[in-house]
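>>> task: produce atomic coordinates for the following.
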Amino acid sequence: MVVLAADCLVDTDVIVDLLRGYAPAQIWIASQHNPGISRSVRLEIIEGALNKIFQKQAINLVNEFESVEMTLSDFAWAEQQLARLRLSHNVGAFDCLIAAPAHRLQLPLYTRNLKHFTPLLGNLAQQPY
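Purely as a prediction, here's the structure:
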């Protein structure tokens, strides 16, 4: 059995800010005890790399975070949320997948995209900086 050490989850936008060297993101992440990321965030970050150099930097950065694995129940919950919120709130499939482990584990998800994540997670969706 794998013991989860992450005490919060981080959304893709925070990782992008870290890759860009955005000082508020760097200060905030340094103040966190043990942030984790979902596999969905890892996929989005790797997908966004413009070339091999940026891809290597991105992979090195996401490897510094604990990866929180998805479960079948996460996928089922994400599908339900997508059907519930896609048309009314423009919530996307990756948003639902990123939110699912936070919902299951009842961990805060730090994101700058409260517009999409608050309908999914309520108060678990939090602004990091």
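
>>> what ranges does this protein have for its helices?
Taking DSSP state H, the helices of the chain run over residues 12-19, 23-30, 39-47, 52-62, 72-89, 93-105, 114-121.

>>> burial measure for residue 94, as a count.
By the other Cβ atoms under 10 Å criterion, the neighbourhood of residue 94 contains 19 residues. Backbone N, C-alpha and C define where each C-beta goes, glycine included.

>>> contacts only, for it.
12, 40, 43-44 (Cβ atoms under 8 Å, 6 or more residues apart in numbering).

>>> return the distance of it relative to residue 117.
According to Cβ to Cβ, to the nearest Å, residue 94 stands 11 Å off from residue 117.

>>> likewise residue 102?
Distance from residue 102 to residue 117, by Cβ to Cβ: 8 Å.

>>> need the per-residue pLDDT for residue 5.
Looking at residue 5, its pLDDT stands at 87.

>>> alright, calling it a day.
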